[in-house]
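# Sequence below, structure please.
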Amino acid sequence: MKKRERCRSSAAPPITRSERPAFHPGLLRQSRPRHSDNREMDGSNSMNERVPQSQPMAASFAERGTINAGTTASGREIGIPYLLKRGQGDGPCLWVNAAVHGDEINGVFAAQRFFDRLDPSVMTGSVVVTPVANVLAFDERRKTALIDSIDMDQSFPGRANGFATERAAAALFDRFGKSADVVINIHTLGTPFDAAPYAVYKVHPEARVSEAELLAHIACFEPTIACRMPVANASGELPGNIGGALDYQSLSLGAIAFMVELGGGGRLEEDHVEHGVAGLMRLAGKIGILAASSDPVARQIRRVTRRAHRLAKAGGLFEPKVLPGTAVKAGGSIGSIRNLFGDVIEDIAVETDSWVIAVRRDPVVHSGDRVAFLATEWSDTDVAA
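Here you go, the predicted structure:
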C-alpha cells in the first residue's frame with residue numbers, strides 16, 4: 001500500500017520506507033497519487049517543494065518558518081507561520097492547525113504549548129503546527145479578513161489564483177494537506193459566546209476512515225459532545241460551503257481529520273487551552289508519535305446528530321440562565337431579554353430537551369442575533385480503544 005508524502009522540510013532529507021511502519025490501524029490507507037514535479041523553494045521561507053522518498057533516515061530535528069501566501073499593498077509578506085518536529089523514526093504525520101478564524105485565540109495557545117512539550121528524541125514520525133492559519137484576519141482580530149470577508153474554513157483546498165483568503169488556503173493546504181495522516185483543526189466559538197470544549201466531525205463519502213475511527217480519536221479530547229455535522233444539507237448551521245472545511249478536504253485525501261472547539265473566541269481561557277493540550281498529547285500517544293498515554297481515554301462519547309441556533313426575537317439585553325455543557329429539559333428557560341427600560345420582553349424557552357453547546361456572554365442583542373447554540377438530538381455511543 002502506498003504511503004502519503006512526508007511532512008516536508010528544507011532542513012532534513014526524507015525517509016526511506018523499507019518496511020511498513022507500525023502505524024495505528026486507522027493510519028494505514030492508500031494515498032492519493034503523488035505529484036511528479038519537484039518544485040524548488042520560491043525564494044521566501046515557504047517550502048512548496050516535493051521531496052523524493054529515496055534518501056537515508058534523518059536524525060530528529062525541529063524547524064520553524066513561514067509559508068508565503070502573497071503580499072499586502074505596502075509590500076509586506078503574507079507569511080503563515082509553521083513549526084515542525086520530526087522524531088527518531090518513521091511514522092505518522094500529525095498536523096495541528098489553529099486560528100483559521102482570526103479571533104479564535106485559545107487554539108493558538110494550545111497548539112504552541114503542545115509543540116513546546118514535544119521532545120523529538122522520544123518521538124516517532126512528525127508533528128506540524130500552524131498556530132495562526134489566517135494571519136490577515138488575526139491581525140485584524142476578526143473571524144475573516146476585511147480584504148475579502150471570505151471564511152477560510154470554507155475555502156479549502158483553496159485557489160492559488162483566487163482571492164487573498166483563497167490563496168492563503170491554497171498555500172497552506174498544498175504545503176501540509178497532502179502529507180498529513182491526522183489533521184486537527186482547532187476552533188473556538190465566536191467572541192460573543194461562552195462554550196465548553198467539544199468536537200465536530202464530518203463523514204466524507206470517499207473517506208478511508210470510518211465514523212467509528214473518527215470517534216475513537218475524538219475521544220482523546222474528552223469533549224462534552226461530538227457533533228456529526230452534515231455537509232450536503234447543513235441544517236441548523238451557519239450558511240456557507242461546508243465542503244470547503246479543512247477537515248472535510250483532509251478526509252477526502254484519506255486523513256483522519258476533525259475539529260476541536262476550545263471555548264469562546266477573542267480571549268485566553270487557561271482551562272480550555274490546557275484541555276486542548278492534554279487531548280493533543282493523548283492523541284499523539286494513540287497514533288504512535290509518542291508512547292501511549294497512561295491517562296485513560298473515555299470509552300463513551302455523546303454523539304450529537306442535530307443542533308441549532310436560538311435567535312432573539314426582540315432586541316435588548318440578554319441575560320443567560322444556563323451554562324455551556326449542561327442539559328435543559330423541554331420547557332426550560334435558557335435566558336431572557338430586557339428592553340432598555342428594564343422590562344422583560346422575551347423569555348427564551350426550549351421546545352425539546354436540549355444540550356447547551358454555547359451561550360451568549362455579550363448581552364447586547366438585536367432581533368435575529370444568536371443567543372445560544374443547542375443540541376436537540378444526541379445519544380451516548382461506545383468508542384473503540
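# Checking Asp139 next. Helix, strand or coil?
When the structure is reduced to helix, strand and coil (DSSP: H, G, I helix; E, B strand; the rest coil), Asp139 reads as helix.
# Would you agree it is in contact with Asp103?
No. Under the criterion of CB atoms under 8 Å, Asp139 lies out of contact with Asp103, with a separation of 11.1 Å. Glycine gets a C-beta too; all of them are placed from N, C-alpha and C.
# of the two, who's got more company?
For Asp139 against Asp103, the residue with the higher neighbour count under other CB atoms under 10 Å is Asp103, and the figures read 20 against 15.
# Quick test: name the residue nearest the centre of this protein.
In the chain, the C-alpha nearest the mean C-alpha coordinate belongs to Asn185, at 1.3 Å (CA atoms, centre = their mean).
# Just to be sure, it is in a strand?
Yes. Asn185: assigned to a strand according to three-state DSSP.
# List the contacts of it.
For Asn185, the residues meeting the contact criterion (CB atoms under 8 Å, 6 or more residues apart in numbering) are Asn97, Ala98, Val100, Asp153, Ala245, Leu246, Asp247, Ala257, Phe258, Met259, Val260.
# Just the pLDDT for it.
Model confidence at Asn185, given as pLDDT, is 98.
# give me the beta-bridge partners of it?
Asn185 has the following beta-bridge partners by DSSP bridges: Asn97, Met259.
# how close does it sit to Ala212?
Using CB to CB, to the nearest Å, one gets 20 Å for the distance from Asn185 to Ala212.
# Dump the contacts of Asn185 into a markdown table; add distance to Phe61, neighbour count and pLDDT as well.
Listed next are the contacts of Asn185 as a markdown table, based on distance: CB to CB, whole Å; neighbours: other CB atoms under 10 Å; pLDDT from 0 to 100:
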| residue | distance to Phe61 | neighbour count | pLDDT |
| --- | --- | --- | --- |
| Asn97 | 21 | 32 | 98 |
| Ala98 | 22 | 30 | 98 |
| Val100 | 27 | 30 | 98 |
| Asp153 | 30 | 28 | 97 |
| Ala245 | 31 | 25 | 97 |
| Leu246 | 26 | 27 | 98 |
| Asp247 | 28 | 26 | 98 |
| Ala257 | 26 | 30 | 98 |
| Phe258 | 28 | 26 | 98 |
| Met259 | 29 | 26 | 98 |
| Val260 | 27 | 30 | 98 |
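# Take those residues and write them to TSV, including distance to Ala375.
Rendered in TSV, the data for the contacts of Asn185 read as follows (distance: CB to CB, whole Å):
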residue	distance to Ala375
Asn97	25
Ala98	24
Val100	23
Asp153	21
Ala245	19
Leu246	23
Asp247	19
Ala257	22
Phe258	17
Met259	15
Val260	17
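# Among the residues you listed, pick out the one closest to Arg117, please.
The shortest separation between Arg117 and any of the contacts of Asn185 is 15.5 Å, and it belongs to Ala98 (by CB to CB).
# Show me where the stretch 151-300 of the chain has its helices.
Applying DSSP state H, counting those that start in this stretch to the stretch 151-300 of the chain gives helices spanning 164-172, 211-218, 246-252, 270-286.
# quick one: the very next helix or strand once past the last one to helix 211-218, angle?
Next in sequence after helix 270-286, counting helices and strands by DSSP states H and E, comes strand 300-311. With axes from the mean of the first three to the mean of the last three CA atoms, to 10 degrees applied, the angle from strand 300-311 to helix 211-218 works out at 90 degrees.
# Show me what the next helix or strand after strand 300-311 is in contact with.
Beyond strand 300-311 in the direction of the C-terminus, DSSP H and E gives the next helix or strand as strand 316-320. Contacts made with strand 316-320 from outside it, assessed by CB under 8 Å, 6+ apart, are listed as 312, 334-340, 345-346, 359-361, 363-365, 371-372.
# Give me the buried subset of these.
Neighbour-count burial within these applies to 312, 334-338, 346, 359-361, 365, 371-372; the criterion is 16 or more other CB atoms under 10 Å.
# who touches both of Asp139 and Asp103?
Counting by CB under 8 Å, 6+ apart, nothing touches both Asp139 and Asp103.
# Pop the domain breakdown of the chain in here.
25-298, 308-378 (automatic domain parsing).
# and the shortest one, how far apart are its ends?
Start and end residues of domain 308-378 are separated by 13 Å (CA to CA, to the nearest Å).
# How far off centre is it?
What separates the centre of domain 308-378 from the centre of its chain is 26 Å, taken as CA atoms, centre = their mean, to the nearest Å.
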